[in-house]
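Colleague: predicted model follows, preceded by the sequence.
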Amino acid sequence: MKRGKLIVFAAPSGAGKTTIVHHLLGIPKLNLEFSISAASREKRGTEIEGKDYYFLSPAAFRQKIKNKEFLEWEEVYPENYYGTLKTEVDRICDAGRNVIFDIDVVGALRIKRKFPEETLTVFVEPPSINELIVRLKGRKTESDEKIDMRVAKAAVEMATAPQFDVIVMNDDLDRAKAEAEKIVAEYLGIETNK
């Protein structure tokens, strides 16, 4: 059985990568399955364990790091870890499906370095930092302090964009979704005509 390919979407918080990834997951011909990340943060809103994230305590996350159970991981903020479990990617690839990731820029570039031939990295770029602030505040899921942390990190993350295979500007969501669909289909060698 042919192992699936890896498609990694990364962006600053609020750029729209999760919305684009969910759009792509709804396209059967792409044969995508979402790689559920592990996270040591609290659940937000309607997030579901095992669907949105595998929620772990910081101590449990550190134990998995020690056991080398992650393909990649990052302490994004103090005591706030995110990572990709090796077992999650193996499960999807072994089923012959393509893996789609929605992760931070550091993790995305680590996966690309580990699997350069099997990985497409896509950076979703917001139109501006000001627009990011509007989007993050519009979510109403985080404190002003957390939003300020995310905005401060965004400038650093945006500087990594040239290291990605493709940059998708998300200044118009419908156009960004269509562009992402075309890029992923071409990478997978799938006819883009609907």
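Modeller: Alright, I've got the coordinates.
Colleague: tell me where the model's unsure across this protein.
Modeller: Counting by pLDDT under 70, the chain shows low-confidence ranges at 1-2, 192-194.
Colleague: hmm, 80 instead?
Modeller: For the chain, applying pLDDT under 80 flags the ranges 1-3, 13-14, 76-77, 128-152, 191-194.
Colleague: and the residue most central in space within it, its phi and psi?
Modeller: Against the mean C-alpha coordinate of the chain, by CA atoms, centre = their mean, the closest residue is residue 102 at 1.4 Å. The main-chain torsion angles of residue 102 are listed as degrees, to the nearest 10 and equal phi -130, psi 90.
Colleague: ok, now which ones touch it?
Modeller: Neighbour list for residue 102: 9-10, 17-18, 21, 34, 37 [criterion: CB atoms under 8 Å, 6 or more residues apart in numbering]. From N, CA and C alone the C-beta is placed, and that goes for glycine too.
Colleague: show me where this protein has its strands.
Modeller: Along the chain, the segments classed as strands by DSSP state E run 6-10, 32-34, 37-39, 53-55, 70-77, 80-85, 98-102, 119-125, 166-169.
Colleague: how about TSV for the ones you listed, with distance to residue 111 added?
Modeller: As requested, the strands of the chain are arranged in TSV below (distance: least, CB to CB, whole Å):
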stretch	distance to residue 111
strand 6-10	6
strand 32-34	15
strand 37-39	12
strand 53-55	17
strand 70-77	6
strand 80-85	7
strand 98-102	7
strand 119-125	6
strand 166-169	15
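Colleague: in space, what's closest to the residue nearest to the centre of the chain - neighbours in sequence excluded?
Modeller: residue 21 (4.6 Å; CB to CB, 6 or more residues apart in numbering).
Colleague: going by residue numbers, what spans are helices in the chain?
Modeller: Along the chain, the segments classed as helices by DSSP state H run 17-25, 58-66, 86-94, 105-114, 129-139, 144-158, 173-188.
Colleague: out of those helices, which is closest to residue 79?
Modeller: Taking CB to CB as the criterion, helix 58-66 is the member of those that comes nearest to residue 79, at 4.9 Å.
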